[in-house]
Structure formats: structure tokens, C-alpha cells
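In: next come a sequence and a model predicted from it.
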Amino acid sequence: MANQALKNTLAELEALDKRKRFNKILFWKPYPKQLDFLNMGSQKRERLFMAGNQVGKSDTGADETAKHLTGLYDDCDWEWNGKRFSKPVIGWAAGETSTVVRDVQQDKLCGPHGVDAEFGTGLIPKDRFADKPSLARGVTDAYDTIQVIHSIPIVKKGTYIKTPSNDGISTLSFKSYEQGRSKFQGKTIDFGWADEEPPMEVYEEFLARLTGDGILYTTFTPLLGPTALVNRFISEGSSDRGVVSMSLDDAQHFTAEQKAQRLAGYRKH
């Protein structure tokens with residue numbers, strides 16, 4: 001009996017570990033500034049999350065992207081008041097280079113690249129991938145497009161009831177600024193996530209691809225100072241735009257000593 005009880009406990013622990021590994025979206029929780037940025041999505045077409053290095057800006061963008069692709073807005077233990085899509089969506093995630101996109105956005109969404117056993121340990125649950133990702137050309141283990149099962153459940157007395165009419169496949173394509181403006185032309189998308197600051201011509205083309213209720217959110221550290229894109233949010237007034245700033249003081253995963261060391265290494269701006 002004792003051995004069986006031990007086996008049962010071990011099995012339960014293994015199941016819990018597996019659930020956490022392959023359902024990260026259920027366990028990720030934002031800091032207050034990250035939550036402010038996410039909530040702003042219900043009101044603003046364009047958003048900028050301007051934050052320091054390693055404080056969680058890319059995690060924030062990845063969490064929102066995973067929620068739009070899957071429809072899992074209400075499955076975490078904190079309240080989502082941001083933008084919602086009630087249907088499968090088409091989105092783009094873009095960064096500076098194809099290698100950086102693979103190492104940051106792809107890894108945060110899908111799990112560490114190049115390790116088959118880790119696929120599905122990112123913010124998109126493993127069982128939500130509809131098919132194997134299509135590979136990009138020229139960069140090892142980089143994805144071109146992923147297909148994700150999207151469904152909006154009805155909550156009734158604490159029970160989730162699937163609604164087949166809202167089930168379907170969302171797609172996300174990975175792009176890089178180095179590809180140039182022309183690679184951001186043509187297709188219509190529901191949302192876009194730009195991680196690190198894009199050139200203004202790429203940002204404008206990105207914006208032009210959005211549907212009527214589409215959104216574009218950008219997450220970056222302002223390493224280049226008051227650029228045209230930064231000034232678009234800081235100096236140009238618009239009801240369609242919003243900006244949230246997050247400093248090292250807002251990041252609870254650093255000690256006071258670590259924050260001081262990092263701050264000392266930054267340029268003034």
C-alpha cells in the first residue's frame with residue numbers, strides 16, 4: 001500500500017510538472033506595468049512598451065501574442081482586460097534579424113529552438129499547435145509560420161464549454177526588419193508584434209497591414225534615444241496611441257544590488 005501511494009504521488013508530481021512545462025501560458029503572471037500595457041490594448045490601436053533590458057518586455061509581448069493566437073484569455077489566475085479577438089487571427093511577429101527573431105520571439109512562444117523535447121514549452125501550449133511549423137530559409141531551426149488552434153470557450157458555472165463556431169486555426173508569421181519594407185507589404189493581418197525598435201518605414205508598412213480592428217504593439221529598449229518612432233508616441237498626441245514605460249525599479253526579479261549594477265552600465269537616455 002505504501003509503495004502504491006508513493007507511486008501515485010510520483011505520478012501526480014510528474015503530471016503537474018508536465019502541465020507546467022507545456023502550458024506556460026497558465027502560469028505566467030505580469031508585473032503591474034506589464035499589466036498596464038496589456039490592458040491598454042482594449043483602447044489603443046498602437047502601443048509602445050518602452051522598458052529596460054531584461055525587465056520582461058519581450059515576455060509581455062509573447063504572452064499577448066499567445067493569447068490572441070489561442071483565445072486563452074481567461075485561463076490564467078489574473079484578469080485579462082486587454083484586446084480580445086473572438087475568432088482565429090492572422091498575426092506577424094518581427095524583430096531586427098531572423099536570428100534574433102528565432103532566439104527571442106520564436107523561443108518565447110514555442111520553446112528553445114533546435115531541441116525537439118522542448119517544443120511546446122513556450123507560451124503557446126504544446127497541444128495548441130495544429131501542425132509542425134514551416135521552416136524559414138537561411139537560418140537553422142528558424143520558423144517561417146506556425147499554425148495554432150484557436151477557440152473561445154463559454155464559461156458557465158465555472159465550466160468551459162467549447163464553441164465550435166469560434167474554433168479554427170490562427171497563423172503567425174515571423175519576419176525581420178533586415179528583410180526590408182517590401183516583405184511587410186501585401187497581406188492583411190489582425191495584429192502585429194514588433195520586438196525591438198523597427199525602422200520607421202517598416203513600422204508604417206506594418207501599420208498599413210492591419211484590419212479595421214487590428215492592433216500593433218511594440219516592445220523595445222530605447223537604445224537610440226528620441227527617434228522618430230519614440231517621438232510618435234511621446235510627442236505626437238493621438239487617441240489611437242499609448243505608451244507604458246517600465247524601469248528596473250518595476251522588475252521584481254532583480255535584487256537592489258543587481259538593479260544598481262545594471263543602471264550603472266546604461267547611457268543616460
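Out: Nice, I can see it. These numbers come from a predicted model, not from an experiment. Residues are numbered from 1 along each chain as shown.

In: in the stretch 51-200 of the chain, which spans are helices?
Out: Using DSSP state H, counting those that start in this stretch, the helices of the stretch 51-200 of the chain run over residues 57-70, 98-101, 107-110, 200-208.

In: mind checking the ones you listed for the one nearest to Val89?
Out: Minimum separation from Val89 across those (C-beta to C-beta) falls at helix 57-70, 5.4 Å. The C-beta positions use only the backbone N, C-alpha and C, and glycine is treated the same way.

In: quick revisit: just name the most buried of the helices of the stretch 51-200 of the chain.
Out: Highest mean neighbour count among the helices of the stretch 51-200 of the chain (mean count of other C-beta atoms under 10 Å): helix 57-70, with a mean of 25.

In: partner strands of the lengthiest strand in the chain, with direction?
Out: Criterion DSSP state E: the longest strand present in the chain is strand 210-220. Partners of strand 210-220 in the sheet, by DSSP bridges, are strand 46-51 (parallel), strand 189-195 (parallel).

In: so what touches it?
Out: Residues from elsewhere that reach strand 210-220 (C-beta atoms under 8 Å, 6 or more residues apart in numbering): 37, 41, 44-51, 57-58, 60-61, 64, 83, 188-198, 203, 206-207, 229.

In: run the last query once more with 7 Å
Out: For strand 210-220, contacts defined as C-beta atoms under 7 Å, 6 or more residues apart in numbering pick out 41, 45-50, 57-58, 60-61, 64, 83, 188-197, 206-207.

In: tell me the buried residues in it?
Out: Buried residues in strand 210-220, counting neighbours by 16 or more other C-beta atoms under 10 Å, are found at Leu210, Gly214, Ile215, Leu216, Tyr217, Thr218, Thr219, Phe220.

In: roughly how far does the last one sit from Lys87?
Out: The gap separating Phe220 from Lys87 is 29 Å, by C-beta to C-beta, to the nearest Å.

In: any idea how far Asp131 is from Tyr203?
Out: Taken as C-beta to C-beta, the span from Tyr203 to Asp131 is 31 Å.

In: same thing with Lys29?
Out: Here Lys29 is placed at a distance of 30 Å from Asp131 (C-beta to C-beta).

In: residue ranges with poor pLDDT in this structure?
Out: Scanning the chain for pLDDT under 70 picks out 1-2, 4-18, 54, 152-166, 247-269.

In: redo that, cut-off 50
Out: Along the chain, segments meeting pLDDT under 50 span 157-158, 160, 259.

In: run through the strands of it in chain order.
Out: Using DSSP E, strands in the chain cover 46-51, 90-95, 134-135, 143-150, 154-156, 159-161, 168-176, 189-195, 210-220, 241-246.

In: can I get the ones you listed in a markdown table with distance to Gly114?
Out: A markdown table is the format used below for the strands of the chain (distance: least, C-beta to C-beta, whole Å):
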| stretch | distance to Gly114 |
| --- | --- |
| strand 46-51 | 28 |
| strand 90-95 | 18 |
| strand 134-135 | 12 |
| strand 143-150 | 11 |
| strand 154-156 | 38 |
| strand 159-161 | 34 |
| strand 168-176 | 15 |
| strand 189-195 | 20 |
| strand 210-220 | 24 |
| strand 241-246 | 31 |
